[in-house]
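Participant: coordinates for the following, if possible.
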Amino acid sequence: GAGVVLAVGGGVRVWRARGTGAEGDDVKKPEEKPAPLVSQSVDVEVIGYVSGQPSRIVLRTISNGKKLRQDAADKFNAMSQAAAAAGVQLTVNSGFRSQEEQKALHDGYMQKLPGYNLAAAPGWSNHQGGISADISTGNLGRSSPQYEWLRINARRFGFINDVGSEAWHWTYKPTAALLA
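Facilitator: I've put the predicted structure just below:
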């Protein structure tokens, strides 16, 4: 008979009514069905900003559900797998940022609010172009295993640490990485 389909976790449950209700057996019983095959990463087109100008970019998912521009995301995911194989976990705290997110961070920084770091003006952050990721280094900064692994290996994947005061800030710049 007819049922209601609900997405539950990784699977789908179909709830069907049992019996006629006359005997008091109209309790709903779940029937498990295999989860549909759905890509973990759905590409999304957004308006990003490159050098102050709006630009259409396509984002792809990386770790922690964050997103980067497609090409940067593919290289980041490969880099993350290589790091994991070496026993180093790369956790992204921030990837692509919308205009509103960047404005909020910049405003907090300009007002010297606690917990706000250096943040570019809206439209001028590499995060808004989908090419920068803030990778957790814990409280260890340049002494962290993440930073040390990235310092040695990130260039192979096209990433550089382009904000010297931020050990966590890595940007996909393949040409610059070749020259570094």
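Participant: all strands of this protein, in order?
Facilitator: For the chain, the strands defined by DSSP state E cover 4-8, 11-17, 28-33, 44-50, 53-61, 67-69, 92-94, 132-135, 159-160, 169-172.
Participant: neighbours of residue 50, how many?
Facilitator: Around residue 50 there are 16 other residues, counting by other Cβ atoms under 10 Å. To be clear about C-beta, it is placed using only N, CA and C from the backbone, and glycine gets the same treatment.
Participant: I misspoke; the intended subject was residue 100.
Facilitator: Around residue 100 there are 9 other residues, counting by other Cβ under 10 Å.
Participant: quick check, pLDDT for it.
Facilitator: At residue 100 the predicted local distance difference test score is 96.
Participant: same thing with residue 69?
Facilitator: Looking at residue 69, the pLDDT reads 98.
Participant: offset the numbering so it begins at 24, please.
Facilitator: New numbering, starting at 24: the last item is residue 92.
Participant: what's near enough to touch the closest residue in space to it that isn't next to it in sequence?
Facilitator: Here the nearest residue to residue 92 in space, its sequence neighbours aside, is residue 153; by Cβ to Cβ, 6 or more residues apart in numbering that works out to 3.3 Å. With contacts taken as Cβ atoms under 8 Å, 6 or more residues apart in numbering, residue 153 has the following neighbours: 71, 80, 82, 90-92, 95-96, 118-119.
Participant: go again using 7 Å as the cut-off
Facilitator: Each residue near residue 153 by Cβ atoms under 7 Å, 6 or more residues apart in numbering is listed here: 71, 80, 82, 91-92, 95, 119.
Participant: which residues touch the residue nearest the centre of the chain?
Facilitator: Within the chain, one residue has its C-alpha closest to the average C-alpha position: by Cα atoms, centre = their mean, that is residue 89, at 1.2 Å. Residues counted as contacts of residue 89 (Cβ under 7 Å, 6+ apart) are 115, 117-118.
Participant: for it, grab phi and psi.
Facilitator: When quoted as degrees, to the nearest 10, the phi and psi of residue 89 stand at phi -70, psi 170.
Participant: re the thing from before, can you flag the buried ones in the contacts of residue 153?
Facilitator: Among these, those that count as buried by neighbour count (16 or more other Cβ atoms under 10 Å) are 71, 80, 82, 91-92, 95, 119.
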